[in-house]
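Chemist: here you go, sequence then predicted model.
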Amino acid sequence: MKYSPDSLEEVALQILLGFGCDANEAAIVADHLIRANLAGHDSHGIGMLPMYGQQIEDGNLIPNQTPEFFPAAGAIRVVDARRGFGHRMALLALDHAFEAAREHNVAVLGLRNSGHVSRTGNYSEYCASKGFISLHFVNVWGHAPTVAPFGSCDPGFSTNPISIGIPVNGEARPMLDLATSTVALGKVRVAHNKGEKVPHGWIIDDAGSPTTDPGPMWLERKGALTAFGEHKGSGLGLFVELLAGAVAGKETVATGNYIPRGVFNNMFSILINPQGFDDQAAIEARVLEFYQAIKGGNPLPATDEILMPGEPEERKAADRTANGVDVDNETISQLMQTASDFKLDPVSLGNVLVECT
């Protein structure tokens, strides 16, 4: 079923307020989640709320948390999110790092001990809106690893996303946002909730053989996600783990405690003021010149158009804004159960949803 984005955001907002988030935090998180849905990343959208509710019940996700800002070390800034909602904690940390980037033309940020930061591309977009080039590397700890390094049957790290953006007219263009696994774990959840098989190559079973059944991976954590590009994605995933976990944070997936239903992030970010290199307009002109040169190439016979990083999300967002966001019945049921768990009326909340035809 497709629902209007505004009604989904209102449902998310009400559930977050039920969690105990104040109005500001609830609005930030709801906006982030629905923007992920609009971009086509349902793995990081409104369907995350049931997990957040479980973490709050366990005391492992803290609404309205105040982060700890460590003393500056040159252009390096370190922020402990103290298990607050990562969507807001990351923005506060980036705002803190922008001060260093303005002073030094570059800043390196270590955000540690954060609740789930969700879609990493959101932070490239945010930095671009402030005029900064940015690179973000995120590791995941608190649960057993989910991605098998190249050549291994056993999981060794998590999905470990990377995002890179360059500002052009206040927007990240182009903008790269990818997991170093073939897919994000949340896409396995989405397939399971829809009762669908996953494409060949996404996951292996606990014997190391390819499988298309998402159930054991999602429900029991049996098997593993594959790294994209074989040894190449595996190598990137390893270095994301080291930069975000061993350098910026204090926990890698190998050393962090395993916590039931725990999902925590560390983020290693590099922020660059392009005006430290040249006039902003001149840089943007060169970026667009290259951008259009790639776009102007001859597409493959089976390809209508050459798309740059970030364009598929833009196209998906335009379509879903106009025609609604597809959310499966199982996810809606989980959302209503979460609402009930936090003393909200699921019937009233369900009435907020606006179906699109």
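Modeler: Happy to help now that I have it.
Chemist: what residues are up against the residue nearest the centre of the chain?
Modeler: Centroid-nearest residue in the chain: Arg119, 1.9 Å away (criterion: CA atoms, centre = their mean). The contact partners of Arg119, by CB atoms under 8 Å, 6 or more residues apart in numbering, come to His32, Arg35, Ala36, Ala39, His41, His44, Asp177. For the C-beta atoms, the positions are set from N, CA and C on the backbone; glycine is no exception.
Chemist: where does it land in three-state SS?
Modeler: For Arg119, the assignment made with DSSP: H, G, I helix; E, B strand; the rest coil gives coil.
Chemist: cool, and Glu25?
Modeler: Secondary structure for Glu25, judged by three-state DSSP, is helix.
Chemist: which residues in this structure form helices?
Modeler: Ranges of helices in the chain, per DSSP state H, are 5-19, 23-38, 49-58, 86-104, 121-129, 185-194, 215, 231-240, 280-295, 311-323, 329-341, 346-352.
Chemist: and those, which one averages the lowest pLDDT?
Modeler: Looking at these, the lowest mean pLDDT belongs to helix 185-194 (a mean of 89).
Chemist: what packs against it?
Modeler: Packing partners of helix 185-194 (3 or more CB pairs under 8 Å, 6 or more residues apart in numbering; DSSP states H and E): helix 329-341.
Chemist: taking helix 185-194 as reference, get the angle to the helix it packs on.
Modeler: Here the directions of helix 329-341 and helix 185-194 differ by 100 degrees (axes from the mean of the first three to the mean of the last three CA atoms, to 10 degrees).
Chemist: run through who's touching helix 329-341.
Modeler: Here helix 329-341 makes contact (CB under 8 Å, 6+ apart) with 1, 11, 14-15, 18, 46-47, 49-50, 53, 57, 190, 193-194, 345-346, 349-350, 353.
Chemist: among those, which ones are buried?
Modeler: 11, 14-15, 18, 46-47, 49-50, 53, 190, 193, 346, 349, 353 (16 or more other CB atoms under 10 Å).
Chemist: in CSV: the residues you listed, plus distance to Phe85.
Modeler: Shown next, in CSV, are the buried ones among the contacts of helix 329-341 (distance: CB to CB, whole Å):
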residue, distance to Phe85
Val11, 17
Gln14, 16
Ile15, 13
Gly18, 14
Ile46, 15
Gly47, 16
Leu49, 11
Pro50, 15
Gly53, 12
Val190, 22
Asn193, 23
Pro346, 23
Leu349, 20
Leu353, 23
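Chemist: between which two of those is the distance greatest?
Modeler: Greatest spacing in these, by CB to CB: Gly18 and Val190 (23.5 Å).
Chemist: quick one: Glu99 and Thr303, what's the gap?
Modeler: Separation of Glu99 from Thr303 (CB to CB, to the nearest Å): 44 Å.
Chemist: counting neighbours, go ahead and name the busier of the two.
Modeler: Neighbour count, other CB atoms under 10 Å: between Glu99 and Thr303, Glu99 has more, with 12 against 9.
Chemist: for that one, give me its contacts.
Modeler: Glu99 sits in contact with Arg77, Ala107, where contact means CB under 8 Å, 6+ apart.
Chemist: what's the separation between it and Ala72?
Modeler: Glu99 sits 9 Å away from Ala72, going by CB to CB.
Chemist: over to Thr321?
Modeler: 40 Å.
Chemist: who does the closest residue to Phe70 other than its chain neighbours bridge with?
Modeler: Spatially, and ignoring its direct neighbours in sequence, Phe70 is nearest to Val78 (4.1 Å; CB to CB, 6 or more residues apart in numbering). Judged by DSSP bridges, the bridge partners of Val78 are Gly110.
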